[in-house]
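>>> A structural model of the following input is requested.
(2 chains)
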Amino acid sequence: MSDISFVRTDMLPEQEPPATTVGFVGWARANLFSSPLNAILSILSIVAVLFVLSVILPWAFMSSWNATSLTDCREQIAAAYGPDHHGACWAVIKDRWVQLVFGFYPPYPIDGTAHLGSPPEGAWPAYFRPIATFVLILTAVAPVLFDKLPRKMLLITAVFPFLMPWMMWGGTFWNPVGAMLGFGIGYLAYRFIAPIAGSLAGVIAAALLPIIWWLFLMGGFASTMQSIIALDIPTVNSRKFGGFTVSIFIGVVAIVGSLPLGIILALGRQSDLLIVKALCVGFIEFIRGVPLITLLFVASTLLNIFLPPGTEFDIILRVLIMVTLFASAYMAEVVRGGLAALPRGQYEAADALGLDYWKAQRLIIMPQALKISIPGIVSTFIGIFKDTTLVSIIAILDPLGLTAGIRANAQWNGIYWELFAFIAFVFFIFCFSMSRYSMYLERKLKTSH
Amino acid sequence: MTVMTDPPKESFRLSMLIYDTRYRSITIQVVALLGFAAFFGWLIWNTSNNLAALGKEPSFRFLWEPAGYDINQRLLDYNSQSPHIRAAVIGVLNTLVIAVLGCITATIIGVLVGVLRLSKNWVISRLMGVYVETFRNVPVLLWIVLAMAIMIEIPPAPKEFRGDNATASVSLFGTVAVTNRGVYVPDPNFGSDRIGEDGTRLDEPTGWRVGLGDVDVNSSGMATYSFLGFEITPTLQFWAVIVSALIASVIVKIFGGDIARSLNGGQETTSPFRVTPGRLMLAVLLIAIIVLWSLMGMGISREVDGVSGGVFQISLDFLLVVAVLLVSLNISKRIKNRADDIQEKSGVRPTVWYIRLAVVVLPMAILLWALGLYFTYPELKGFNFKNGLHLRNSLIALWLALSLYTAAFIAEIVRSGIMAISKGQSEAANALGLSSGRTMRLIVLPQALRVIIPPMISNYLNLTKNSSLAIAVGYFDITGTLMGVTLNQTGRELETVLLGMLIYLTISLSISMAMNWYNESVKLKER
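Numbers count the residues shown, from 1 in each chain, chains lettered A, B, ... in the order given. Modelled structure (predicted):
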C-alpha cells in the first residue's frame, strides 16, 4: 500500500517575508504610501521640503564669513558663486557677535570706560565679569537640575542670588553680604524670640527685623565696612547692559524670584482667610489680564512716580521688578493647578498627623504639588525667557534692540535675515533644551505605573 | 447629690487674638488688610506728591483735545483734528480686529496641524513637529519683526507693476496686488457707495439697485451737562447709553432664567415663540437703546452725500447683510435639528445639506444683488495703487506672525486633547465601520473638545495680549495710540497707562467670561 496521504508531514522551511513588507520599502509602504491620499500628501510635502531646503541651504552655506560691510560681502559672494546667487552674509555675525552677546558691557571695567583695543594694565580677561556670572549661574543651577552632583554645591545655589547682581553691577562686596545678613537676622530673630514670646511673635519678628535692616541699616553697614576693609569692584551702569547678557540676566532673576513669590500667591489664593485670598486673587487676575508691555511701560514711566520724591532707581532694576511680578502671577496659577490636582486625602492625612500648616505644606503638600506642576513651571520659565525680548520696546538693548542699531550703521545697512536667524537660533537652543529637560524630569519623577 | 456647675464662662482676653485659633485668623487678616491699605496709601501719597511737584495734577481733560496725529488703518472716521479719546477708540477697535482675525486663523491652522501631527504619515507628522517646535521656541516679537521684514523686503515695489515689461503682475486674475507697501484686495461696495473723494457721485448705479446708504449717528439734539466739574459731552452720553444698555442686557442674559420661566407661564415649553434668556437679552438691548435714544434726543439721519459730523457712520447695507445672515444661519440650524429628530425617531436621516446650503446662500445672493454689490479692484495710479482695500504691511505681518505663533500652541493642545481620549473610543468607532475621517469628526473631536477648551481660552487671551506688540511694527492698536503717541504728545503717563491697562483688563475679562460660559455649555454634565 502506497502512502497517499494528502497531509504534509514535514515542515516547510521558513521563508523570507515579502520584500515589500520589510526594509525601507516596507516602511515606506506603511508610513508614506498607505493610501492614495497619503501618497499624494507625502509626495507633496517631500517636494515642499526639498524646495524650501533648496532655497535655504545654498543661502546659508554658499555664504560669506569674511567681509567688512554688506557691499563687500555681496561682491565676495558674486565673485565666488556667480552674480545671481543670493548668499547669507554671516560676516555680520562674526563682526558683531561680541556686541550681540554682551551689549555695551565694558570688556575691562576698570575705570568705567571701554578699552576696545589692547587690554589696560592689570585687567582681567575681556568680559571676565559677565562670563564669570554665567558660569556661576550654571554651577548654581546644576545641583538643582541633576541630583547626582554633590549636595554641597547647593551652597553655591544659596549665595548666587546675592552674588549675581553684585558681579554684574559691581560696587562694594558688603552689599551682598548685608543682604545675606538680613536673612541671618530673620533666622536668629525667630530662634530667640519664638521660645520667649511664642511662635507667632517669632514669625512677625522674623519678617519685620530684616525689612528694617534692609531699608534703614544696610546702607550704613555697607559703607562703614567698606571704609574699614575696602572690597569693591568697579560699578557698571545699567545702560551698558545689552545683548543676550541682559536677556539671560532678566530671565534668570525673574525665574528665581517668581517661583517663591508664585508659591506664596498660590497658597494665598487657596487659603481660607477671606481677605488674604481676595488680595491674592486680585493681584493674580490683574497681572494676568494685562499684557507684559503695559507693565514694562509702568516700569519705564510710572515706577519712579510711585516712589518717594527724589528716588531715582535704575531702569534694569525697575524692569526686573515688573517682570518678576508678572512671572509670579503666572507661576501662582501653575502651582495652584498642582495644589488642586492633589487628592484631598493628602491634606487630611497631614492634619491627622498633627502637622501645623507650614510643616504640612513643606513636607507633604508642596513636594507633590510642585512635582505635578513641573511641565507648567518649565513652560512658564520658557515663556518668561522669550518675553525678555519685549524690553527692546522700552529701549533696553537686548539682541532684538541691537539689530536696529547694527542696521543703522552704514556698513551693515539693510541686513535682516542673518541677524534674525542668529537670534532665533540662540533662543531656540535655550528654550528647546529647557523643554527637553522638563520631559526628562517628568519621566524621572514619575512614580505611577 | 451632685451639683452640676457650668464651666466658668470664658471672657475674651486680648491674648486670644494671637493664641486662640478662632481669633487668630481674624488678626492675621486685619493685619494683612492694614498692611495693604498702608502700602497702597503710601503709593498714592507719593504719586500725588510727585505729580504736584511736576505740575501735572491727574486729569483726563486731555482726552478731549485734538490728537494731531494720523492713523492709517482704521474702521471709523478719524482725522488728525479728532480728539485723543477717538484715537483711543480707533485703537481699541484695531486691537479687537487683530485679536478676532488672529484667533480665527490660529484656530484653523492649529487644529489642522494638531490633527496632522498625529497622522500615521511619517513625513507629515515630522513636518508638523518641526513647525510646532520652531514656532514655540522662538520669541513672538522676533516672529512679528521678521514677518514685517519679509513684507517689506520680498514683495515687489508698486513701480515694478508698471509698463509693458513689468516684472510683477497683479495676481489672482488681476484682483490682489501684493506690494511692499501692503496688500491690495478687492473692496466690496454697495450701490450707495459710488461717491468720490470730493463727495460727488461717481456714476449713477444701474437701475434701482442703489443700496440703503449710511446712517449718521449724531448727537445734534443733545446738550452738554456739567457734573462735578466734568463736562459730559454728547459723545460721552452716547457711549454711556450704549455701554449701560449692553451691561443691562448681559445681566438679563445671565440672571434671566427665572424671568423667562415665569413669562412662559411657569412651565417648560417647546413652543417656537417661548421666551428664552437670549431673546430677553435682545429685547432689553433694543428697548434700552430706543428708549434712551428718544429720551436723550440723539439724532439719526440718513447720509447720502458722504458728509458726516456725528459720532460714527454705519452702513445700513452692512447691517442688513449681517441680519439676513444671522436669520438664515438660524433657519439652517433649525433644519438640522429637525433632521436630527427625524433620524432619532425613524433611524433614517433625510438628506438636507443642499436645503441648508440654499437657505444660507440664496437669500444672501439675492440681497447682495438687490443692494447693488460690486467690487473695486486695485489699479496702479501714479506711484501707488488706488482703489481696492488696502491692508497695510503692519496688519498683515502682525496677523501672520500672531496666528502662526499661537497656532503652534493650539496644535499641541489639540494633540494632547485627542490623545487624552481613550483608544477604545476610536476602536469602537472602527468596529462600527466608521471611516477614519468620520471617527475623528463624530467620535474623537467632540470628546476632545471638552479637554481642549480651557487651555484654548488662555491661548486666545495670550493672542489678544500679544497683539500689544503691534507697537513694534507701527500698527495702531490701543498700545500704539493711547499708550504710544498720545502718551508722548501729552506727557500724561499715569492717565494713559492706567487707562490702557484698564481697557486690556476689560477685554481679557470679557473674553474669559464669554469662553467660560461656552465651556460650561459644552462641559460634561455630571449629575
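
>>> run through the strands of the chain in chain order.
Unless you meant another one, I'm taking chain A. Assignment of strands within chain A using DSSP state E yields the ranges A:171-172, A:232-233.

>>> right idea, wrong chain: chain B
Using DSSP E, strands in chain B cover B:177-179, B:182-185, B:187-189, B:214-218, B:225-227, B:230-232, B:299-303, B:312-315, B:374-376, B:379-381, B:384-386, B:389-391.

>>> these: lowest mean pLDDT?
Mean pLDDT is lowest for strand B:299-303 out of the strands of chain B, coming in at a mean of 51.

>>> find the nearest non-adjacent residue to the residue in the stretch 1-150 of chain A that chain B sits nearest to, please.
Here the residue of the stretch 1-150 of chain A nearest chain B is A:Asn31; by Cβ to the nearest Cβ that distance is 4.0 Å. Any C-beta I mention is one placed from the backbone N, CA and C, and that applies to glycine too. Leaving aside its sequence neighbours, A:Asn31 sits nearest to B:Trp122 (Cβ to Cβ, 6 or more residues apart in numbering or on different chains; 4.0 Å).

>>> for the strands of chain A, which one sits closest to B:Leu367?
Smallest distance to B:Leu367 across the strands of chain A (Cβ to Cβ): 73.4 Å, for strand A:171-172.

>>> save the strands of chain A as TSV, and put in distance to chain B too.
Shown next, in TSV, are the strands of chain A (distance: least, Cβ to the nearest Cβ, whole Å):
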stretch	distance to chain B
strand A:171-172	26
strand A:232-233	31
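
>>> I'd like those laid out as CSV, including mean neighbour count and mean pLDDT.
Formatted as CSV, those follow (neighbours: other Cβ atoms under 10 Å in any protein chain shown; pLDDT from 0 to 100):
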stretch, mean neighbour count, mean pLDDT
strand A:171-172, 18, 82
strand A:232-233, 15, 80
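
>>> in TSV: the ones you listed, plus distance to B:Leu461.
Shown next, in TSV, are the strands of chain A (distance: least, Cβ to Cβ, whole Å):
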stretch	distance to B:Leu461
strand A:171-172	41
strand A:232-233	44
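
>>> which one of those strands lies nearest to B:Thr490?
Of all the strands of chain A, strand A:171-172 comes closest under Cβ to Cβ, at 37.9 Å.

>>> so what touches the closest one?
Contact with strand A:171-172 is made by A:Ala222, A:Ser223, A:Met225, A:Gln226, A:Ala230, A:Leu231, A:Asp232, A:Ile233, A:Thr235, as judged by Cβ atoms under 8 Å, 6 or more residues apart in numbering or on different chains.

>>> ok, and the closest non-adjacent residue to A:Ile364?
A:Ala350 is the one closest to A:Ile364 (Cβ to Cβ, 6+ apart), at 4.3 Å.

>>> burial count for that neighbour?
By other Cβ atoms under 10 Å in any protein chain shown, the residues close to A:Ala350 number 18.

>>> would you confirm that B:Ser332 contacts B:Val361?
No - between B:Ser332 and B:Val361 there is no contact under Cβ atoms under 8 Å: 10.1 Å.

>>> what's the burial count for the residue nearest to A:Ala332 when sequence neighbours are not counted?
The spatial neighbour of A:Ala332 that comes closest, neighbours along the chain excluded (Cβ to Cβ, 6+ apart), is A:Leu265 at 3.6 Å. Neighbours of A:Leu265 under the rule other Cβ under 10 Å: 25.

>>> who wins for most neighbours among the contacts of strand A:171-172?
Busiest of the contacts of strand A:171-172 [other Cβ under 10 Å] is A:Ala222, holding 21 neighbours.

>>> which residues sit against stretch A:140-150?
By Cβ under 8 Å, 6+ apart, stretch A:140-150 touches A:Arg151, A:Met153, A:Leu154, A:Ile156, A:Thr157, A:Phe160, A:Tyr437.

>>> just curious, which of those is nearest to chain B?
A:Tyr437 (13.0 Å).

>>> count the residues that sit near that closest one.
15.

>>> where in the stretch 151-300 of chain A is pLDDT low?
A:200 (pLDDT under 70).

>>> low-confidence stretches in the stretch 151-300 of chain B?
For the stretch 151-300 of chain B, the ranges with pLDDT under 70 are B:164-165, B:167, B:172, B:191-235, B:266-270, B:272, B:292-300.

>>> return the nearest residue of it with respect to chain A.
B:Glu153 (6.4 Å).

>>> who touches that residue in this structure?
A:Tyr416, B:Asn180.

>>> before we move on, back to that, so the residue of the stretch 1-150 of chain A closest to chain B touches B:Ile124, yeah?
No - using Cβ under 8 Å, A:Asn31 is not in contact with B:Ile124, being 9.8 Å away.

>>> compare these two (neighbour count), which wins?
B:Ile124 (21 against 17).

>>> what residues does the stretch 301-449 of chain A have near chain B?
Counting by Cβ under 8 Å from any Cβ of the partner chain, the stretch 301-449 of chain A comes close to chain B at A:301-302, A:304-309, A:382, A:386-387, A:389-390, A:392-393, A:400, A:403, A:416-417, A:420, A:423-424, A:427-428, A:431-432, A:435.

>>> which of these fall in helices?
Judged by DSSP state H, those include A:304-306, A:382, A:386-387, A:400, A:403, A:417, A:420, A:423-424, A:427-428, A:431-432, A:435 as members of helices.

>>> tell me how many other residues crowd residue 278.
Using chain A. Neighbour count for A:Ala278, taken as other Cβ under 10 Å: 16.

>>> could you do chain B instead?
Applying other Cβ under 10 Å, I find that B:Gly278 has 13 neighbouring residues.

>>> with that, I have no additional questions.
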